[in-house]
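Visitor: would you be able to build a 3D model of this:
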Amino acid sequence: MSPVQAQNLPHPRTLLGAARMTLEQLEGTQGQHLKAYAACRLGYHVEARDLWERLAFDDDADALFELGRMAELGLGEPCDARRACTLYQRAAQLGHNAAKSRLS
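Guide: Sure, this is the predicted structure:
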């Protein structure tokens, strides 16, 4: 289940929505997902990566996928295809479909 489905809050698809998410007092895993998505949307890639890394520590497949995407695209860090592949592999092992398709 995605973090967006888990909460009734809107996904930050606009800059205004992303700004709102960064200001919300969100708790738990779903809240951290939304904050990370919002930070990334606003271009705060270092902050987003920090949030994703905390979630990935607990084997969160979505977080691992997002970290792989950031490594692949060089968002908040230099491009690193090897790191991206490793993160995608970990996410795929946890059942993340988008990670599986990135590896194929």
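Visitor: could you check the pLDDT of Tyr37?
Guide: Tyr37 carries a pLDDT score of 86 in this model.
Visitor: center of this structure, which residue is that?
Guide: Centroid check for the chain by Cα atoms, centre = their mean gives Glu66 as the closest residue, at 3.8 Å.
Visitor: just give the closest residue to it, not the sequence neighbours.
Guide: Distance criterion Cβ to Cβ, 6 or more residues apart in numbering; nearest residue to Glu66, sequence neighbours excluded, is Trp52 at 4.9 Å. Using the backbone N, CA and C atoms, a C-beta is placed for each residue, glycine as well.
Visitor: tell me which strands and helices the helix or strand encompassing the one you found is in contact with?
Guide: Assigned by DSSP states H and E, Trp52 belongs to helix 45-56. On a contact count with 3 or more Cβ pairs under 8 Å, 6 or more residues apart in numbering; DSSP states H and E, helix 45-56 meets helix 28-41, helix 61-73.
Visitor: buried residues in the last one?
Guide: Residues of helix 61-73 classed as buried by neighbour count (16 or more other Cβ atoms under 10 Å): 61-72.
Visitor: and which of those is nearest Ala98?
Guide: Closest approach between the buried residues of helix 61-73 and Ala98, by Cβ to Cβ: Phe65, at 5.8 Å.
Visitor: how about the residue nearest to the centre of the chain, what does it touch?
Guide: Applying Cβ atoms under 8 Å, 6 or more residues apart in numbering to Glu66 gives the contacts 36, 40, 48, 52.
Visitor: from the residues you listed, which two are the most distant?
Guide: Cys40 and Trp52 (8.5 Å).
Visitor: which neighbours do these two share?
Guide: Shared contacts of Cys40 and Trp52, defined by Cβ under 8 Å, 6+ apart, comprise 66, 70.
Visitor: of the two, who's got more company?
Guide: Between Cys40 and Trp52, Trp52 has the larger neighbour count (other Cβ atoms under 10 Å), namely 28 against 22.
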